[in-house]
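Q: What shape does this take:
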Amino acid sequence: MKDISMRTAGNIIIFFVVLALFAAALTGGAAAAAGNNRAYYRGNGEKPYVSLMINVYEGAEYIVPIMEVCERYEAKATFFVGGIFAKRNPDLIKNIYERGHELANHGYNHKDAAKLGYKENYDEIVMTERLIEAICGFKTRLFAPPSGSLGGEMFKAAAELKYDVIMWSKDTIDWRDKNPDLTFGRATKNMKNGDLILMHPTAHTLEALPRILQYFKEHGFSVVPVSVNISAEV
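A: Presented below is the predicted three-dimensional model:
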């Protein structure tokens, strides 16, 4: 009876060890998958940096005035440009680059990345990359999926092309609510180091921008390109 009890106890221990190892394997696999599908929702929290990520498919007439306001406050924005916009406005894309603001990739036709296969996602990114590079010699390395739509095939394509996928920590929703006060409030509420602030080139965003940048300045935040904000260097 003693031998049977010991064998039973031993079997129970082995069962729980195997179960624990199996659970660990599952957890590790999920973590690996999550790591492969990483998107940045904010930057490095160790420095008082914030970033303006301006998604561009329209609003060409507001781009230069937005840059002029940024430059008055020594701010550098990141313009996530749609390929079809770049094709129609090559001189403007070159102007953004020459003025020292950051160019990034927003896909070619504003398609829903979650509904696309690998090749379609790949093409959306790479066509925009090659177009911007042809215009100004700069190869984009940041990708903001249109409408914030994330999908596994999109992550695979972005990884293959060596892109960082960028989301946001604050959304001004300026494309919907055409109100400079709302844009200001959403851009500045509960500010934290590393904030990535989503906006678009619109009349009311331009109107709100001086107030937004003045607020950042008064509260000790520097407005830097997204690539600087997400950098691991402190």
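
Q: so where does I125 fall, helix or strand?
A: Per DSSP states H and E, I125 falls inside helix 118-136.

Q: need the strands for this protein, in chain order.
A: Taking DSSP state E as the test, the strands found in the chain are 39-40, 49-56, 78-81, 102-105, 142-143, 164-166, 170-171, 195-199, 222-223.

Q: Quick check: the closest residue to G151 other than its chain neighbours vs H106, distance?
A: The shortest distance from G151 to any non-neighbouring residue, by CB to CB, 6 or more residues apart in numbering, is to A114 (3.6 Å). Backbone N, C-alpha and C define where each C-beta goes, glycine included. Distance, A114 to H106, by CB to CB, to the nearest Å: 15 Å.

Q: Which of those two has more residues huddled nearby?
A: H106 (28 against 15; other CB atoms under 10 Å).

Q: tell me the pLDDT at the more buried one?
A: pLDDT, H106: 98.

Q: R38 now?
A: 89.

Q: Give the buried residues for stretch 87-101.
A: N89, L92, I93, K94, I96, Y97, H101 (16 or more other CB atoms under 10 Å).

Q: actually stretch 130-147, sorry about that
A: So for stretch 130-147, counting by 16+ other CB under 10 Å, buried means L131, I132, I135, C136, T140, L142, F143, A144, P145, P146.

Q: Low-confidence stretches in the chain?
A: Within the chain, the segments meeting pLDDT under 70 span 1-36, 232-234.

Q: Domain ranges for it, per the record?
A: With domains defined by automatic domain parsing, the chain comprises 1-36, 39-229.

Q: now, of those domains, which is deepest in the fold?
A: Highest mean neighbour count among those (mean count of other CB atoms under 10 Å): domain 39-229, with a mean of 19.

Q: on that earlier part again, reformat the strands of the chain as JSON lines; add distance to R211.
A: Output for the strands of the chain, formatted as JSON lines (distance: least, CB to CB, whole Å):
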{"stretch": "strand 39-40", "distance to R211": "26"}
{"stretch": "strand 49-56", "distance to R211": "13"}
{"stretch": "strand 78-81", "distance to R211": "20"}
{"stretch": "strand 102-105", "distance to R211": "23"}
{"stretch": "strand 142-143", "distance to R211": "27"}
{"stretch": "strand 164-166", "distance to R211": "25"}
{"stretch": "strand 170-171", "distance to R211": "15"}
{"stretch": "strand 195-199", "distance to R211": "13"}
{"stretch": "strand 222-223", "distance to R211": "13"}
